[in-house]
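Enquirer: okay, predicted coordinates and the sequence, questions at the end:
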Amino acid sequence: GDEFRRSALQQAQGRLLRTGLFDGVVLRPVQSSGRVRDVELLVNERKRFSFVFGAGVTAPDDGPRVSGEARLRNLDGRGLSLWGRGRASVDWRSITLGVLLPEYRASLGVELPYLPGLPVRAAITGLLNEELDEPTYRISRSGLTIGLDWRPSNKLNVEGRVEVQLRAPIRVDSVARLNALSDIPRESPRQHPQVLVLAQLSAVLDLRDDRFNPSKGLYLTGTLESTPGASVPNSPAFGRVSARTVGLIPLGAGGAGIQVEAAGGIAFGYDGRLPPVEWRFRLGGTSTVRGFRLDAIGPTGERSGVLETQGLLGSGGVARLVPVGGTAFYRYSLQVQLPLPGLKTWRFVIFHDAGNVVIAGMAPDGIDPGFHPVLHPSVGIGLRRITPIGPLRLELAVRPERLTTLGKVFTGEAALADVLQVHFAVGAL
């Protein structure tokens with residue numbers, strides 16, 4: 001046999017694992033000694049059919065959720081696979097109001113066979129009546145996506161896809177209707193959907209030492225999204241660019257470390273309009289600025305009545321500020337993680353987040369573009385419990401300027417959620 005370098009064998013092992021056809025791939029020498037030894041390859045092939053069920057909760061943002069995937073693998077011996085996925089969740093806000101407004105999605109997909117000698121995988125995905133339910137809008141979407149995934153190494157993944165989508169705005173808060181073409185609900189919206197063609201190119205570079213419980217390294221992502229402009233009649237014409245960087249710096253061998261994160265993005269319209277309501281940027285919540293409620297940071301409009309989350313658009317009552325989303329955002333986060341004596345799998349965390357969302361350029365009439373203040377800061381503490389699927393996270397976050405109103409919580413003049421945000425989630429990112 002031919003002689004192989006150790007690095008070449010490791011690359012071959014990685015390529016076999018990335019096919020998704022094997023649960024395990026082991027390369028080992030046949031002989032226990034000797035300068036020149038034979039190498040044997042042991043693989044454990046995945047079962048042809050599999051079903052995965054999961055459940056989780058993110059508080060106070062997404063609420064409880066369940067998901068499942070059924071997959072039929074390797075139908076032709078080269079990686080052709082069929083799969084179906086489903087997910088359903090209920091927002092905490094609707095639970096507290098006693099009105100269940102579920103958000104769900106279902107999709108079917110085909111993963112095409114591998115191209116011999118190339119680290120490329122193609123897939124065709126169909127989206128079936130996805131419902132996006134947020135405080136200021138509810139959108140129904142169906143569509144077809146063709147994607148190409150290029151993974152030249154275990155650290156780098158580049159994905160390109162083209163999606164043809166049928167979108168129908170079911171409900172959009174009257175203040176958030178900033179795009180007359182795409183934000184205004186139509187009569188019988190599901191029977192008269194709007195066509196949206198979108199191309200996306202994204203890249204992920206993961207240089208962390210562990211995918212689930214990292215202690216050092218760098219994580220970089222970048223995404224470019226664009227429609228074909230005015231070439232599709234009566235369709236939204238916009239683009240977006242966004243990027244994110246996460247750096248982890250260990251402090252000794254005991255589990256202490258620092259995590260620094262920065263992210264930003266900009267959206268633009270080709271026809272002079274703002275992007276559709278669901279494509280505008282928002283900040284606030286478990287994964288961005290933790291001292292604020294979900295999507296609470298950014299440009300706002302004012303009107304009387306209660307928010308659409310309560311299903312009402314009354315004209316009476318006090319004025320409300322309605323988040324409408326923006327065309328540019330920036331944020332950063334600094335986090336210090338410390339080990340707890342005697343508790344090997346527990347960590348104590350101190351963090352600071354800040355960011356903002358604005359409407360770049362001229363804002364529509366009656367809309368605050370969000371430039372003041374420049375940053376919306378928050379600080380907090382948390383606990384981490386290290387598990388095989390990533391850390392369990394419990395975090396308490398506050399907005400410094402709201403600390404003076406803490407006394408009003410005890411007198412009933414202010415709600416606790418206006419001062420303190422409590423988050424529970426799973427995962428390192």
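Expert: Cool, got the structure.

Enquirer: pLDDT weak spots in this protein?
Expert: Per-residue confidence of the chain (counting by pLDDT under 70) places the weak regions at 1-2, 4, 18-20, 57-62, 92-99, 114, 116-117, 305-319, 428-429.

Enquirer: doesn't residue 266 lie inside a strand?
Expert: Yes - under the criterion used here (DSSP: H, G, I helix; E, B strand; the rest coil), residue 266 sits inside a strand.

Enquirer: kindly state the beta-bridge partners for it.
Expert: When bridges are called by DSSP bridges, residue 266 pairs up with residue 241, residue 328.

Enquirer: got the contact list for it?
Expert: 240, 241, 242, 327, 328, 360 (C-beta atoms under 8 Å, 6 or more residues apart in numbering). In this view, the C-beta of every residue, glycine as well, is placed from N, C-alpha and C.

Enquirer: wait, doesn't the fifth one sit right on residue 361?
Expert: By that I understand residue 328. No - taking contacts as C-beta atoms under 8 Å, residue 328 lies outside contact range of residue 361: 9.4 Å.

Enquirer: give me the more crowded residue out of those two.
Expert: When residue 328 is set against residue 361 and neighbours are counted by other C-beta atoms under 10 Å, the residue ahead is residue 328, at 22 against 12.

Enquirer: can you pull the contacts of the more buried one?
Expert: Under the contact definition (C-beta under 8 Å, 6+ apart), the residues listed for residue 328 are 264, 265, 266, 267, 281, 357, 358, 359, 360.

Enquirer: point me to the helix or strand that includes the last one.
Expert: For residue 360, there is no enclosing helix or strand under DSSP states H and E.

Enquirer: thinking it is in contact with residue 299, fair?
Expert: No - using C-beta under 8 Å, residue 360 and residue 299 do not qualify as a contacting pair, with a distance of 10.4 Å.

Enquirer: anything in contact with each of these two?
Expert: Common neighbours of residue 360 and residue 299, counting by C-beta under 8 Å, 6+ apart, are residue 326.

Enquirer: quick one: which of the two has more around it?
Expert: A side-by-side neighbour count of residue 360 and residue 299, using other C-beta under 10 Å, places residue 299 first with 28 against 14.

Enquirer: go ahead and confirm that one touches residue 368.
Expert: Yes - counting by C-beta under 8 Å, residue 299 does reach residue 368; the two are 5.8 Å apart.

Enquirer: start to end distance for stretch 16-29?
Expert: With C-alpha to C-alpha, to the nearest Å as the measure, the ends of stretch 16-29 fall 18 Å from one another.

Enquirer: in this structure, which helix has the most residues?
Expert: When the chain is parsed with DSSP state H, its longest helix is helix 6-18.

Enquirer: what lines up beside the helix or strand where residue 345 lies in the sheet?
Expert: When elements are assigned from DSSP H and E, residue 345 belongs to strand 343-358. Take DSSP bridges as the rule and strand 343-358 pairs in its sheet with strand 328-340 (antiparallel), strand 376-385 (antiparallel).

Enquirer: let me have these in CSV, adding distance to residue 132 as columns.
Expert: Putting the strands paired with strand 343-358 into CSV (distance: least, C-beta to C-beta, whole Å) gives the following:
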stretch, distance to residue 132
strand 328-340, 19
strand 376-385, 24
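
Enquirer: nearest to residue 162, of the ones you listed?
Expert: Closest to residue 162 of the strands paired with strand 343-358, according to C-beta to C-beta: strand 328-340, at 25.3 Å.

Enquirer: my guess is residue 296 contacts residue 323. True?
Expert: Yes - counting by C-beta under 8 Å, residue 296 does reach residue 323; the two are 6.1 Å apart.

Enquirer: more crowded one of the two?
Expert: Of the pair residue 296 and residue 323, residue 323 is the one with more neighbours under other C-beta under 10 Å, namely 27 against 19.

Enquirer: tell me if I'm right that the more buried one and residue 302 touch.
Expert: No - under the criterion of C-beta under 8 Å, residue 323 lies out of contact with residue 302, with a separation of 11.3 Å.

Enquirer: burial count for residue 115?
Expert: Taking other C-beta under 10 Å as the neighbour definition, residue 115 ends up with a count of 12.

Enquirer: for it, which three-state class applies?
Expert: Reducing the assignment to helix, strand or coil with three-state DSSP, the entry for residue 115 is coil.

Enquirer: what separates it from residue 48, distance-wise?
Expert: Note on residue 115: its distance to residue 48, by C-beta to C-beta, to the nearest Å, is 22 Å.

Enquirer: got phi/psi on residue 186?
Expert: For residue 186, the backbone dihedrals (degrees, to the nearest 10) come out as phi -100, psi 170.

Enquirer: so the residue lying closest to it once chain neighbours are set aside versus residue 166, what's the distance?
Expert: Residue nearest to residue 186 in three dimensions, not counting chain neighbours: residue 192, with 5.3 Å by C-beta to C-beta, 6 or more residues apart in numbering. With distances defined as C-beta to C-beta, the gap from residue 192 to residue 166 amounts to 10 Å.

Enquirer: which one's more surrounded, those two?
Expert: A direct count of neighbours by other C-beta under 10 Å for residue 192 and residue 166 places residue 166 higher, at 17 against 10.

Enquirer: partners of the more buried one in the sheet?
Expert: The residues that residue 166 bridges to, once DSSP bridges is applied, are residue 142, residue 195.

Enquirer: what residues are up against it?
Expert: By C-beta under 8 Å, 6+ apart, the contact list for residue 166 reads 141, 142, 143, 193, 194, 195, 196.

Enquirer: now these in JSON lines, with neighbour count and distance to residue 424?
Expert: Below are these laid out as JSON lines (neighbours: other C-beta atoms under 10 Å; distance: C-beta to C-beta, whole Å):
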{"residue": "141", "neighbour count": "19", "distance to residue 424": "28"}
{"residue": "142", "neighbour count": "18", "distance to residue 424": "32"}
{"residue": "143", "neighbour count": "20", "distance to residue 424": "32"}
{"residue": "193", "neighbour count": "17", "distance to residue 424": "36"}
{"residue": "194", "neighbour count": "18", "distance to residue 424": "37"}
{"residue": "195", "neighbour count": "14", "distance to residue 424": "39"}
{"residue": "196", "neighbour count": "21", "distance to residue 424": "34"}
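
Enquirer: ok, of those, which one's closest to residue 8?
Expert: Out of the contacts of residue 166, the member with the shortest distance to residue 8 (by C-beta to C-beta) is residue 143, at 41.5 Å.

Enquirer: find the nearest non-adjacent residue to residue 216, please.
Expert: For residue 216, the spatially nearest residue (C-beta to C-beta, 6+ apart) is residue 250, at 4.6 Å.
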